[in-house]
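**Q** Dropping a prediction and its sequence here:
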Number of protein chains: 2
Amino acid sequence: MGLSFTEENYIKQIYRLSKPGVPVTTNAIANCIQTKASSVTDMLDKLAVKKLVEYEKYKGVSLTTLGKKTALLIVRKHRLWEVFLVQKLGFTWDKVHEIAEQLEHIQSDELIDKLDAFLGHPKFDPHGEPIPDAQGKVKNQKLKLLSECVTGSQCTITEVNDDSASFLQHLDKTGLKLGHELEIAEVVDYDKSLSVVINGKKNIFISQHIAKNILVTLK
Amino acid sequence: MGLSFTEENYIKQIYRLSKPGVPVTTNAIANCIQTKASSVTDMLDKLAVKKLVEYEKYKGVSLTTLGKKTALLIVRKHRLWEVFLVQKLGFTWDKVHEIAEQLEHIQSDELIDKLDAFLGHPKFDPHGEPIPDAQGKVKNQKLKLLSECVTGSQCTITEVNDDSASFLQHLDKTGLKLGHELEIAEVVDYDKSLSVVINGKKNIFISQHIAKNILVTLK
DNA sequence: TAAATTTTTTAGACTCGTCTAAATTTTATA
DNA sequence: TATAAAATTTAGACGAGTCTAAAAAATTTA
């Protein structure tokens, strides 16, 4: 059952607008997709026939299990392409979205499998959003910048934003590695530097500059 | 002046079917695009209005300078993506075309520039076809299989078809490297093996099996 | 709770790209 | 060169997706 470019866009936007329990309104979708409410109504009828959404007149819409899975596979493609654009082609975060909006509609499972492998099976996109797996399952954790964590928080180093040799060498020297557990002992007020405990042992200082390039998963 | 997905496809196919002097026929396009002649006629009218083709009723069609440039930029995208799919993602030659047909329509000059740089500004696609530059200019040389060269021809090793370690090691041992100049001293009749002179010095034998995996640019 | 407002849906029309069937032009053949 | 055959174009229609304007339902407000 192949979906059109347009149908895929509706599904994806409905997914983005969804909040547990609350159905998504026609107008919300219209704003978000840059179209008119009447067009949305038409499309919702169509998607309901295809069993991708549950739709009751005047009551808004929500994704079915099938619709949700469909959405997650599109999101997967979107985020994998974002990783590619940033990590391999050197785009900055802010510029990748528009291009990924196009790339996410390329149809080929094999392409996505191979892209995923080429990128080293990344778990998060450049914005820290989790990448669903090939079955459409998402880890419900989100990455946070270490620089945004508060005193007392416990987290795990999950990714870095700066892949330059000098940055990676610095991390190495400091004793910071992917997978290490951190506890924020103190956030120094005047320069936002951090005092952190690594794996419950070593205590080190990290400047805000460095902390801004380290992504962590909160406990 | 943005072109639709469909318009781009027509332009590209007309380019592929073009032979100097001879206009492309409506039926030829219809066969090639999997559509009906009447649909082609409609589209040709449209493309003529946009100054992409010169079209006279019942007389066939040819690309204008603008149309040709448009086609070459699409071909550029197509071939760069093919290189990406083969070299970076590990697809085999035969499987990349269909996916590249989709990727070639992604709109972003910056994306193509960066992809080109990421791939090391390749000059040929995996099939040996030349990749037009960002201005739509093509080097009018085409890669040829070494096995297809005749006695006396002079050429430069430009690419290999087999990227396996064992093949590359064999080349290395034999003294063959990208960029080396070859002169075909003799084509042995009974087994099609070649006697070649490398860089005007060393003279070696190359079996047809090996020669079939070496691409050269003719002098 | 009745009126006013907002949201949503319906009805009808438009564009894009396609199709079939019929008409026309070109080309091949006798 | 007249005629048959093939190629091409025209005419009219359709589906997808969109729009505007009007009608209907839901929500807010008095």
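**A** Here it is on my side, so go on.
**Q** Now do the same contact list for the residue nearest the centre of chain A.
**A** In chain A, the C-alpha nearest the mean C-alpha coordinate belongs to residue A:129, at 1.9 Å (Cα atoms, centre = their mean). Going by Cβ atoms under 8 Å, 6 or more residues apart in numbering or on different chains, residue A:129 touches A:79, A:142, A:143. Every C-beta, even on glycine, is put in place using the N, C-alpha and C of the backbone.
**Q** Redo those as a markdown table? Include neighbour count, distance to DNA strand C and pLDDT.
**A** Shown next, in a markdown table, are the contacts of residue A:129 (neighbours: other Cβ atoms under 10 Å in any protein chain shown; distance: Cβ to the nearest atom of the strand, whole Å; pLDDT from 0 to 100):
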| residue | neighbour count | distance to DNA strand C | pLDDT |
| --- | --- | --- | --- |
| A:79 | 23 | 29 | 96 |
| A:142 | 13 | 29 | 73 |
| A:143 | 22 | 33 | 78 |
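**Q** Looking at those residues, which are in helices?
**A** Judged by DSSP state H, helices contain the following of the contacts of residue A:129: residue A:79.
**Q** At the contact with chain B, which residues of chain A appear?
**A** With Cβ under 8 Å from any Cβ of the partner chain as the criterion, chain A meets chain B at residues A:85, A:88-91, A:95, A:98-99, A:102-103, A:106-108, A:110-111, A:114-115, A:118.
**Q** Kindly report the residues of chain A close to DNA strand D.
**A** In this structure, chain A approaches DNA strand D at residues A:4-7, A:33, A:35-36, A:38-39, A:42-43, A:46, A:58, judged by Cβ under 7 Å from any atom of the strand.
**Q** hmm, back to that, what separation do you get for the residue nearest to the centre of chain A and residue B:180?
**A** 49 Å (Cβ to Cβ, to the nearest Å).
**Q** now do residue A:90
**A** 32 Å.
**Q** Between these two, tell me which one has more neighbours.
**A** residue B:180 (16 against 10; other Cβ atoms under 10 Å in any protein chain shown).
**Q** My guess is that one contacts residue B:156. True?
**A** Yes - contact criterion Cβ atoms under 8 Å: residue B:180 and residue B:156 qualify, at 7.1 Å.
**Q** Residue A:90 is in contact with residue A:96, correct?
**A** No - assessed by Cβ under 8 Å, residue A:96 is found out of contact with residue A:90, at 10.6 Å.
**Q** Filter the residues of chain A next to DNA strand D down to the buried ones, PyMOL style.
**A** A single PyMOL command selects the buried members of the residues of chain A next to DNA strand D (16 or more other Cβ atoms under 10 Å in any protein chain shown):
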select buried, chain A and resi 7+33+35+43
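**Q** Mind checking which of the residues of chain A next to DNA strand D land in helices?
**A** A:5, A:6, A:7, A:33, A:38, A:39, A:42, A:43, A:46.
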